[in-house]
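J.: here is my input; please provide its structure:
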Amino acid sequence: MDYTELFQHLGIQAIQSGHHHCRPGWLQMDCPACGPDTGKYHLGFHKTRGYFHCWVCGALPLVPTLQALSGQSPSLILALLREAAPAGPIEPRTPHSGRLSLPKGLCALQPAHRSYLQSRGFDPDEIASLWGVKGIGIAAKLSWRLFIPVTYRHETVSWTTRAIGETNSRYISASQEEEKVNHKSLLYGADMAMHSVVVVEGPTDAWAIGPGTVAVLGLTVTQEQVERIKAYPIRAICFDSSPEAQRRGRKLADQLSLFPGETHVVQMTGKDPATAPKSEVKALRKRFLD
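T.: Numbering: from 1, shown residues only. Got it, this is the predicted structure:
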């Protein structure tokens, strides 16, 4: 199935000609963010690169936009995307710095991994299906960790791992030689974000808040990540509650305030979003994401 057939399968009405917004190689449709059911065809989908761009909103993330257009679940859309092949050669949109090398010992989530996730208040099956998380069992270097893929346009281009036991190194990420794209040039979870984002530090924080949350994978925010965050019209910075994390969150908000859009700083009562009360997470989603 190519991308055109994917749109037909999802029941998304798109045109390729007959309107001044139509261009060769693109499918045009009404934008769910700025003009649903208007017949203005502001939103375009590139048939070989596989991404959305709106004449008004700019870049829009793939899965949430397909979900908004079709009303289908993210899990179904992800399954269909894995089957879909572009109608031509894929042109990379982000410079690739190397070749992806996955850690040894990858496996489905084992009882120890599942127990750890449950102890943190997560549903292991949901984390595996929605975020693509796997386990690492007995391995030479990274035994008994969660394997967390970092994706770009739904391709795994890097990864990080999270220990499930006591250790001084909670997160260990791919080295430059092990990744196709530097993970610190990307936003974890961006494939499931739409016009607004909540920006957090780590993957577990993103899991706790849910789709629409992006993680910078650490406390340091690179300039490449700032450039990606500023593309969203509404962004809420929700770093951990420690004084240093809050200081860095305010610094990031100051940087983003120079650009069009809204930037908010949010502090939760837990030490991080993953330990915050469910009521606060629900209120955060209602304000910025839902």
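J.: quick one: residue 7 from residue 62, how far?
T.: Using CB to CB, to the nearest Å, residue 7 is found at 12 Å from residue 62. For every residue, glycine as well, the C-beta is placed using N, CA and C.
J.: how far does stretch 238-255 sit from the chain's center?
T.: On the basis of CA atoms, centre = their mean, to the nearest Å, the separation between the geometric centre of stretch 238-255 and that of its chain is 21 Å.
J.: from residue 60, how far off is residue 11?
T.: In this structure, residue 11 and residue 60 are 19 Å apart, going by CB to CB.
J.: ignore the last one, residue 170
T.: Note on residue 170: its distance to residue 60, by CB to CB, is 33 Å.
J.: buried sites along the helix or strand harbouring residue 4?
T.: Assigned by DSSP states H and E, residue 4 falls within helix 3-10. For helix 3-10, the buried set under the neighbour-count rule, 16 or more other CB atoms under 10 Å, comprises 3, 6-7, 10.
J.: for it, packing partners?
T.: Applying 3 or more CB pairs under 8 Å, 6 or more residues apart in numbering; DSSP states H and E, one finds that helix 3-10 makes contact with strand 26-29, helix 62-70, helix 74-83.
J.: hang on, the earlier thing: between residue 170 and residue 60, who's got more neighbours?
T.: When residue 170 is set against residue 60 and neighbours are counted by other CB atoms under 10 Å, the residue ahead is residue 60, at 25 against 13.
J.: sketch out the low-pLDDT regions of this protein for me.
T.: Flagging of the chain using pLDDT under 70 yields the residue ranges 49, 85-97.
J.: mind listing the strands for it?
T.: For the chain, the strands defined by DSSP state E occupy 26-29, 43-46, 52-54, 58-60, 106-107, 134-136, 145-152, 155-163, 171-173, 196-200, 213-215, 234-237, 262-265.
J.: partner strands of the last one, with direction?
T.: Sheet pairing here is set by DSSP bridges, and for strand 262-265 it gives strand 234-237 (parallel).
J.: quick one: the strand it pairs with to chain centroid distance?
T.: With CA atoms, centre = their mean as the basis, strand 234-237 stands 14 Å off its chain's centre.
J.: any chance you could give me that strand in CSV, C-alpha atoms only?
T.: C-alpha atoms of strand 234-237 as CSV (Å, rounded to 0.1, in the frame of the first residue of the first chain):
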residue,chain,number,x,y,z
ILE,A,234,1.3,26.5,22.0
ARG,A,235,4.0,25.1,24.2
ALA,A,236,3.9,24.3,27.9
ILE,A,237,7.2,23.7,29.7
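J.: my guess is residue 100 contacts residue 182. True?
T.: No: with contacts defined as CB atoms under 8 Å, residue 100 does not count as touching residue 182, sitting 11.8 Å away.
J.: so which of the two has more stuff around it?
T.: A count of neighbours by other CB under 10 Å puts residue 182 above the other of residue 100 and residue 182, at 20 against 16.
J.: distance of the more buried one from residue 146?
T.: According to CB to CB, residue 182 stands 21 Å off from residue 146.
J.: burial of residue 117, as a residue count?
T.: Here the number of neighbours of residue 117 (other CB under 10 Å) works out to 24.
J.: make that residue 38, sorry
T.: Residue 38: 10 neighbours (other CB under 10 Å).
J.: residues in contact with the closest residue in space to it that isn't next to it in sequence?
T.: Counting by CB to CB, 6 or more residues apart in numbering, the nearest residue to residue 38 once its immediate chain neighbours are dropped is residue 30, at 5.6 Å. With CB atoms under 8 Å, 6 or more residues apart in numbering as the criterion, the residues that contact residue 30 are 36-43.
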